[in-house]
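Visitor: Let me see the structure of the following:
(one chain, ligands or ions: 2)
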Amino acid sequence: MPLAAEPDDAREEGEDQLQLPTTTTNGGPALEGLVVGSYCHDVLIRGGRVVGETLGGAAAFVSNVLDAASPQHDALDEPPPVVVVAKVGHDFVYASAPAPARHPPLLCASPTTSFHAQFSETAASAHAPDRELRRVRACDPICPADLPDRRFAYGLAVGVAGEVLPETLERMIRLCRAVLVDAQALIRTFDGDGAVGHVALGDTPYARLLPRVAFIKASSEEAPYVGVETARRWCCVIVTEGRNGCRLYWDGGEARVAPFPAVQVDPTGAGDSFLAGFAAGLLWGLSATDAALLGNFFGAAAVSQVGVPTFHPKMLQAVRETLEEKITKGSSPCINGITFTFERSNMHDELHAGLQEAARLMSEQQQADPANGHGGDICST
Ligand SMILES: Nc1ncnc2c1ncn2[C@@H]1O[C@H](COP(=O)(O)OP(=O)(O)OP(=O)(O)O)[C@@H](O)[C@H]1O
Ligand SMILES: O[C@H]1[C@H](O)[C@@H](O)[C@H](O)[C@@H](O)[C@H]1O
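Guide: Ligands and ions are numbered 1, 2, ... in the order given. I've put the predicted structure just below:
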């Protein structure tokens, strides 16, 4: 399978002079990540009433998880760096929220992207959306020239409003050893009213880039537009299934990965947090199927709070201890290898059990602080 495990070698003139990732004190390459996608304003509406206004944009959820869950570098005692390329307007109201404060966006003359999420009064089903999204404002797209001129260990293309242009994704592929893509960045359409729809990936200019992407993640609703059977010939496809966990499809195999229990108060950002947890799992050296456990864990954490979640230090400590205990010292980050391992390892079930313990701490935290997440339950009827 042509996984882009090395920086893409079809480079443009001048790109050979780009700075390679700096090396760490132990001689290994610094696993710097590149996240591309804009922050946005989310307005949550239910029964015609605004029930929440939050920071949104996949980049906010993704960087929140990567900062919390990436393995710490032994020598530096801090997670490897993540560079976020996001755009907002002067009207952006969340500049001091933790994720944008750590990863400041580029300021544009156009307004911040804004979504209205209309929640259904009835429970969602497997393939029916739990909310209808409308893009009411759109910031400028992110262009290739907005990306830093250096190489990264991995990249996440996580647009929400069509801001990751095909040429920007192509540039990411050139700069990053492995690129993970959220299908929502590629297949969303917006009608005159801003209502979000989907187009078949095969009919977009992104389709030709798929063989140079390592992983594409889609929700069950988006999966038919991605075309799992075709896409899996090119890269590993991950389909998230809400409270049922997820499935992985690669050329020659597939796996189902069990979920973690959660009391869902707001589904927003579940897919974003899943993808970041999955990437963090690869950084820890897990196989793709094992890394999806960490994806499911952070997806469950996201739905337990309204907006971008806050992780309790005890819960994060439990996650780290589980990973440190299960992962053999010296195992190299999967994302940094020549090829990826997809199959579940023989410690998959133990890893699930260890993370389940951390999930228990998370739900205790939620019960102790029901207002956690800025204002209650968006979902229940
Ligand atoms: N109710 C839930 N309970 C436990 N885990 C959940 C729940 N909902 C979502 N998750 C976790 O989050 C992952 C992503 O969820 P989902 O499939 O709903 O993505 P999505 O539709 O892209 O989400 P969003 O668009 O809201 O970000 C799931 O694969 C699962 O691991
Ligand atoms: O903040 C959310 C979130 O990033 C979702 O993943 C995306 O689907 C929405 O468009 C966005 O408003």
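Visitor: Could you point out which residue ranges in the chain have low pLDDT?
Guide: 1-30, 73-77, 123-128, 328-333, 336-338, 370-376, 378-381 (pLDDT under 70).
Visitor: Could you pull out the helices in it for me?
Guide: 58-69, 98-102, 166-175, 184-187, 223-226, 228-231, 270-283, 288-303, 313-326, 348-368 (DSSP state H).
Visitor: which stretch among the ones you listed comes nearest Pro148?
Guide: Pro148 lies closest, by Cβ to Cβ, to one member of these: helix 166-175, at 7.9 Å. No exception for glycine: its C-beta is placed from N, CA and C like everyone else's.
Visitor: could the helices of the chain go into a markdown table alongside distance to ligand 2?
Guide: Below are the helices of the chain laid out as a markdown table (distance: least, Cβ to the nearest ligand atom, whole Å):
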| stretch | distance to ligand 2 |
| --- | --- |
| helix 58-69 | 4 |
| helix 98-102 | 11 |
| helix 166-175 | 17 |
| helix 184-187 | 6 |
| helix 223-226 | 14 |
| helix 228-231 | 20 |
| helix 270-283 | 5 |
| helix 288-303 | 9 |
| helix 313-326 | 22 |
| helix 348-368 | 20 |
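Visitor: Could you export these as a markdown table, including mean neighbour count and distance to ligand 1?
Guide: Output for those, formatted as a markdown table (neighbours: other Cβ atoms under 10 Å; distance: least, Cβ to the nearest ligand atom, whole Å):
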| stretch | mean neighbour count | distance to ligand 1 |
| --- | --- | --- |
| helix 58-69 | 28 | 7 |
| helix 98-102 | 16 | 15 |
| helix 166-175 | 21 | 19 |
| helix 184-187 | 25 | 7 |
| helix 223-226 | 20 | 10 |
| helix 228-231 | 15 | 14 |
| helix 270-283 | 29 | 2 |
| helix 288-303 | 28 | 2 |
| helix 313-326 | 16 | 15 |
| helix 348-368 | 17 | 9 |
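Visitor: Let's have those helices in a markdown table, adding distance to Arg212.
Guide: As requested, these are arranged in a markdown table below (distance: least, Cβ to Cβ, whole Å):
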| stretch | distance to Arg212 |
| --- | --- |
| helix 58-69 | 21 |
| helix 98-102 | 28 |
| helix 166-175 | 5 |
| helix 184-187 | 13 |
| helix 223-226 | 16 |
| helix 228-231 | 13 |
| helix 270-283 | 17 |
| helix 288-303 | 17 |
| helix 313-326 | 29 |
| helix 348-368 | 29 |
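Visitor: ok, how many other residues are close to the closest residue to Gly202 other than its chain neighbours?
Guide: Leaving out its chain neighbours, the residue that sits closest to Gly202 by Cβ to Cβ, 6 or more residues apart in numbering is Gly227, at 6.1 Å. Gly227 has 16 neighbours, counted by other Cβ atoms under 10 Å.
Visitor: Please report how far Gly227 lies from Ser114.
Guide: 31 Å (Cβ to Cβ, to the nearest Å).
Visitor: now swap in Gln356 and tell me
Guide: Taken as Cβ to Cβ, the span from Gln356 to Ser114 is 37 Å.
Visitor: near ligand 2, which residues of the chain?
Guide: 40, 42, 56-58, 61, 115, 133, 160, 184, 268-269, 271-272 (Cβ under 6 Å from any ligand atom).
Visitor: May I see the residues you listed arranged in TSV, with distance to Ser287 as well?
Guide: TSV is the format used below for the residues of the chain next to ligand 2 (distance: Cβ to Cβ, whole Å):
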residue	distance to Ser287
Cys40	33
Asp42	34
Gly56	31
Gly57	29
Ala58	24
Phe61	24
Phe115	34
Leu133	33
Val160	29
Gln184	25
Thr268	29
Gly269	25
Gly271	21
Asp272	22
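Visitor: Tell me the one of those residues nearest Val213?
Guide: Using Cβ to Cβ, the residues of the chain next to ligand 2 come closest to Val213 at Gln184, 14.3 Å.
Visitor: Okay, the nearest residue to Asp146 once chain neighbours are set aside and Ser38: tell me how far apart.
Guide: Nearest residue to Asp146 in three dimensions, chain neighbours excluded: Val85, at 5.5 Å (Cβ to Cβ, 6+ apart). Counting by Cβ to Cβ, the separation of Val85 from Ser38 is 9 Å.
Visitor: shared neighbours, the two?
Guide: Ile142 (Cβ atoms under 8 Å, 6 or more residues apart in numbering).
Visitor: The two: which has the busier surroundings?
Guide: Neighbours were counted for Val85 and for Ser38 using other Cβ under 10 Å; Ser38 has more, 32 against 23.
Visitor: Run a quick neighbour tally on the residue in the chain that ligand 2 sits nearest to.
Guide: Nearest to ligand 2 in the chain, going by Cβ to the nearest ligand atom, is Gly56, at a distance of 2.5 Å. By the criterion of other Cβ under 10 Å, Gly56 has 27 neighbours.
Visitor: cool, and Phe115?
Guide: Counted with other Cβ under 10 Å, residues neighbouring Phe115 total 23.
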